[in-house]
Every structure is written in C-alpha cells, then in structure tokens.
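[1] Using only what follows, build the 3D model:
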Amino acid sequence: MIMRNYQREALCAIKREWQTVDSTLVVLPTGTGKTVLFASLIRSCFPKRALVLAHREELIFQAVDKITKVTGFRCEVEMGDYRADMGKSLFASPQVVVSTIQTQCSGADGGGRMTRFDPALFGLVIVDEAHHATSATYRRTLDYYRQNPNLKVLGVTATPDRADEEALGQVYESVAYDYELLNAIEDGWLVPIQQQIVEVSGLDFSGIHTTAGDLNGAELAHVMEEERNLHEIAGPTIEIVGNRRALVFASSVTHAEQLCAILNRHREGCSGWVCGKTDKDERRKALASFSSGKLQYVVNVGVLTEGFDDPGVEVVVMGRPTKSRSLYAQMVGRATRPLPGLVDGLETAEERRQAIANSRKPACLVIDFVGNAGRHKLVTSADILGGNISDEAVELAAKKVRESTGPVDMAKTLEEEQKALELRRAQEAARRAKLKAKASYAARAVDPFDVFQISPVKARGWNAGKTFSDKQRDILKKAGIDADSVDYTGGKQLLNEIFRRWDAGLCSYKQARQLRKYGYTGNETRAEATAILDKIFRKSAGSGESAKPVGSRQRAVV
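    Coordinates of the predicted model:
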C-alpha cells in the first residue's frame, strides 16, 4: 500500500519525537488510515517486535488484516481462546501480537494475561483508539510493558474530547502529529460534511443530568423514547434522507427498536437495527443487507461507532445527542470516507476534491435534532471540524447552521467565519499601527503571529501544564522570539512554522520582521530577503541616515 503524504509526515514526526521521548500521540480523523500508518511504522521499526492494543474484537481482526497486508509479517492474536505462540526466536514467533486490553488484564491470578509476555520481547507498543488509554486497565498494562526501558509507545486516535486531551497529556509525553478533520476534507481525502438542524418541539434536555461528561444515558433515553419525539424524528429523517443510505444512532435499545419500527411503517422493510447484544450472525446479516442496499437504514446503539467501515454511508442521523466531541466525531466518521478507489493515485488536493464532487457521494449529510438543551452544550459538526479554528468562529458557524432551513457546508462556513475574524483582526492591527505611527517601531511589541501572518491555534488540553524544553527555548530565542511571551501551544505552532519556512527556503523570523517593517510580505526566500535587506541597509548607511520604514509601496501588507 502506498502511503499518503500526511501518513509519511506523521511517520517522520513519530520518529523525530522518539529521539527525545518514549511515548507520543498521533491524531488522525476517522477514515484517514490510522491502521495503515501504524502498520508502516511497525515495518520500519523491524526487528523490534510490536504489540498492538485495542478494546474491541472488530478492531483486533481489522488490525491483523491490515498489518499483514502492509508488512507481510507474521501477526497473531491474543484474545479469549486465541493465544499468540511466542517462541524463543524472533523468527520462530510472531513479529506482531494484537490483543484486547481486556485480555491483557484478565486472569484469575490478578496479574492478567500480560504476564505471559516478557516486557523485553516488545520494542514497540501501539494503542489503537488511544483516547481510551487514560483508563486504569490501559495504564496498568502500559506500566507492565514499560518495565522494558527501551520500549517506545505510540497512541493513535481520531478527534478527542478536550477533557480527553488533558488526560492524554498525562499518558503520552508529546503529540507528534495532529491532522485535523477540516484539513483532511480540504486536502480531498474525506468528503465534505453538510449539517442540517431539525427543531423538535418535544425534545427537552434541560432536566437531564451530566454523567461522566455526557448526558445521563437513562434520562436521555427516557426523553428520546417518547412517542411524539419518535415520530418527529422519523418523519423528517424520511423526508430529508430521500434515497440515500443512512446510519442512525439511537440512545437505547428500546429507542432503536421503536425508531426502526416507525421507519418501516413509512416504507416497509427499509430499516433494520442492531445493538451490543444482537447475535453476531444476525448483526453480520443486517450489515450485509445494508451494504448491498437491501436496507436503506440501520439503527444502532453504540456498536457502530468504532470498527465499522462502509464508504457507501451517505447520511448520519443523530438520534443520540451528545456533549462528547470524541463520540460525535466517531459517529460522523462513519460517513466521511469517499467511495472506494476514488482519490488514491490523484496527485493534487484539487483533483481529489473534484473527483469527490463528481462522484455518487459528493458529501455526507449529518442530521441533528435539537430542542431545549438548557445548560448543556451539545456537540455539532462545527465542533469536530474546528480543531484549529478559533472558538469564536466555531460559535458563529454553529449559529449560522441553526438559523438555516437546509443543509450547510460546514467546512466552507467555518473557513468563511475564520477569514472574517482574521480580516477584522488585521484591520484592528492596521488601526493600531496608524495610532502608533509616530512612535518608534523598535519600541513596539511585535506579535510573532503577525510577522508570520498566521492565526494562533487554540490551546489543546494535552498541552495543559507543559513547558518548553531548553532546546525549544533556545530555538525560539535564536529566532528572535521570547518564549515567555507565548503559551506552550502557541510556541509549538511557531516552532513548526520556523521549521516549515526553513524546509521551504523561506526567510527567517528576524528577516520577515524586518521585511514587514519595510513594506514587504515577509514570505520572500532567504536569498531574496538577504538581497533586499542588504540593499536597504547599504542605502541608509550611504546616506548617513538610519533606515526608516516606507509609508506605502506596492507590496505593502495591510
């Protein structure tokens, strides 16, 4: 399998982080190939043996299949009745073991089946769906294998909750790579997300309590199972979905069963439903019927959020409102994959976006049902798309969706709101500059984000409490940036921009600052910057005057 550009970047970033830390995290949205990434990492780290940990059976066998295809290595399962046959030699035993966290911690002796394995056998542990790694079972398992002082740990996850982010910062020492959902859509790897809000007068979440950071399950089910609400959700769903295939998320088994029955009353035999207790053969039959188009709808209760891949899903119906960004991202992620074979092999983002636009699935639609949320802040697609978008732009985009009567392209809306905010920011900066025009330029505080012409990304939870290393401080200082003037998230963003500009042959921060002062863009190459600044300072030295910023010129930046 040919790796995509962001997967190659992530692979390099992981290895770079491992030069200074033993554990790191990669964030890739659902549908962008996390398994391909860590399978490629396993291959590149050979002869180190790898252990892959997950929490669901579906994830286990998917991982085995993909790792085998990518690496060609012998890959065995440690789960239930399956036992990995660990020989004394690397070549007489599997190079990769894939195991559930439940199996690792199971055992009558209290030590867990992990004790079957000598920690020294593994040089690499990978945690799939790493937002679960903050649990006691994962921590206990990782602590056991970390008895090997040479062990490297990688966690991979899709968009996590902000609460998860902070907790993940306690498990992983760094974030090697964070590829946002919005970037994946802009780059043409995932389909655009359209959002439609449906007001349901009978939905009242205001009296529901919060349990473990989300709406209390039993109280939510009680509201969603009311007869009036069932019909006010089923009716608009049939009308809006049309002939497209839709995955419906329900709040309880009763809710799923009743919603499925009402959908079938609208059109006989159009819907099926599954839950965690559904017989595995029955579940496979239902999903096969859905995949073939025999069923248009599958209503499910929490079983198709992870490990379910069907690129033909065009609509996600949120019959299970949530406050969890992570859960919402997983549900939406079931529909963001483009049709098979559509985008791989195309060179540019424009080609990929055009191929998606011309396909039978030009976008995916997310339908949210809203009512009186009270004190609760329920998640919408604006929240999961806005990882690097300012909170203000996310709120403005969400407001625009609520006010619309039809589907709204969320990526486009977020970009428009962010650009509008940045324009206002630039106009305000220009206004301040005019007010201070008579003051000495050197006396003014210089915003490094303005110099680089980038907007600060919002702080991520996993960076909470973290401080710059001596090496990071030194790089910022040499660049001309005071590390104490920015937080950790902002500093990391500036460091990435410093490295990006260096790799692209663009001028340094100090050069960009001077060039902006004299009306240039600050995006000149290093050679151009050197020539321009030499000319400016030679001219000012010859005249006996200090160089002064120009009042205006054709290339001036406002």
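[2] Now do the domain split for this structure, please.
    5-179, 193-417, 450-543 (automatic domain parsing).
[3] of all these, which lies closest to Arg424?
    domain 193-417 (10.2 Å; Cβ to Cβ). Every C-beta, even on glycine, is put in place using the N, C-alpha and C of the backbone.
[4] For the one helix or strand Ile536 maps to, buried residues please.
    Here Ile536 sits within helix 526-543, counting by DSSP states H and E. Buried residues in helix 526-543, counted by 16 or more other Cβ atoms under 10 Å: Glu528, Ala529, Ile532, Leu533, Ile536.
[5] Can you tell me, leaving aside adjacent residues, what's nearest to Leu342?
    Excluding the flanking residues, the one nearest Leu342 by Cβ to Cβ, 6 or more residues apart in numbering is Ala355, at 5.4 Å.
[6] just checking, the one you found touches Leu346?
    Yes. Using Cβ atoms under 8 Å, Ala355 is in contact with Leu346, at 6.2 Å.
[7] Looking at these two, which is more packed in?
    Neighbour count, other Cβ atoms under 10 Å: between Ala355 and Leu346, Ala355 has more, with 17 against 14.
[8] What residues of whichever strand or helix holds the more buried one count as buried?
    For Ala355, the element it lies in under DSSP H and E is helix 349-357. For helix 349-357, burial by neighbour count (16+ other Cβ under 10 Å) applies to Ala349, Arg352, Arg353, Ala355, Ile356.
[9] would TSV of these with distance to Pro29 be doable?
    Listed next are the buried residues of helix 349-357 as TSV, based on distance: Cβ to Cβ, whole Å:
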residue	distance to Pro29
Ala349	15
Arg352	15
Arg353	16
Ala355	19
Ile356	15
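[10] any low-confidence regions in the stretch 301-450 of the chain?
    387-388, 429, 432-446 (pLDDT under 70).
[11] quick revisit: mind exporting the helix holding Ile536 as CSV, just the C-alpha atoms?
    In CSV, the C-alpha atoms belonging to helix 526-543 read as follows (Å, rounded to 0.1, in the frame of the first residue of the first chain):
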residue,chain,number,x,y,z
ARG,A,526,16.2,33.6,2.2
ALA,A,527,18.2,34.7,-0.8
GLU,A,528,15.7,37.4,-1.7
ALA,A,529,15.4,38.6,1.9
THR,A,530,19.2,38.9,2.2
ALA,A,531,19.5,40.8,-1.0
ILE,A,532,16.6,43.2,-0.2
LEU,A,533,17.8,43.9,3.4
ASP,A,534,21.5,44.4,2.2
LYS,A,535,20.3,46.9,-0.3
ILE,A,536,18.2,48.8,2.3
PHE,A,537,20.9,49.0,4.8
ARG,A,538,23.6,49.9,2.3
LYS,A,539,21.5,52.7,1.1
SER,A,540,20.8,54.0,4.6
ALA,A,541,24.4,53.7,5.6
GLY,A,542,25.5,55.7,2.4
SER,A,543,23.1,58.5,3.2
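[12] So which elements touch that helix?
    helix 509-517 (3 or more Cβ pairs under 8 Å, 6 or more residues apart in numbering; DSSP states H and E).
[13] average model confidence for the helix it packs on?
    For helix 509-517, mean pLDDT is 89.
[14] Can I get it in CSV? Just the C-alpha atoms.
    Coordinates of each C-alpha in helix 509-517 appear next as CSV, following Å, rounded to 0.1, in the frame of the first residue of the first chain:
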residue,chain,number,x,y,z
TYR,A,509,11.6,35.2,11.5
LYS,A,510,14.2,38.0,12.0
GLN,A,511,14.3,38.7,8.3
ALA,A,512,10.5,38.5,8.0
ARG,A,513,10.1,41.0,10.8
GLN,A,514,12.5,43.5,9.1
LEU,A,515,10.9,43.0,5.7
ARG,A,516,7.4,43.6,7.1
LYS,A,517,8.7,46.7,8.6
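[15] Quick one: work out the angle between that helix and helix 526-543.
    With axes from the mean of the first three to the mean of the last three Cα atoms, to 10 degrees applied, the angle from helix 509-517 to helix 526-543 works out at 60 degrees.
[16] counting contacts, what elements does helix 509-517 pack onto?
    Here helix 509-517 touches helix 448-452, helix 526-543, going by 3+ Cβ pairs under 8 Å, 6+ apart.
[17] List the contacts of the residue nearest to Glu314 when sequence neighbours are not counted.
    Distances taken as Cβ to Cβ, 6+ apart place Arg244 nearest to Glu314, at 4.0 Å, with adjacent residues excluded. Residues in contact with Arg244 (Cβ atoms under 8 Å, 6 or more residues apart in numbering) are Gln296, Glu314, Val315, Leu365.
[18] repeat for Tyr82
    For Tyr82, counting by Cβ under 8 Å, 6+ apart, the contacting residues are Glu76.
[19] hmm, back to that, name the residues contacting each of Ala355 and Leu346.
    With Cβ under 8 Å, 6+ apart, Ala355 and Leu346 have common neighbours Gly188.
[20] Next, the residue nearest to Glu314: secondary structure please.
    coil (DSSP: H, G, I helix; E, B strand; the rest coil).
[21] Could you check how far it is from Leu295?
    Note on Arg244: its distance to Leu295, by Cβ to Cβ, to the nearest Å, is 13 Å.
[22] Give the burial count for Arg431, as a bare number.
    Arg431: 10 neighbours (other Cβ under 10 Å).
[23] Which helix or strand contains it?
    helix 410-435.
[24] And the contacts of the lengthiest strand in the chain?
    Determined from DSSP state E, the single longest strand within the chain is strand 193-204. For strand 193-204, the surrounding residues in contact (Cβ under 8 Å, 6+ apart) are 185, 223-224, 226, 228-229, 232-233, 236, 240, 332, 336, 363-372, 374, 380-382, 385, 401-402, 404, 406-411.
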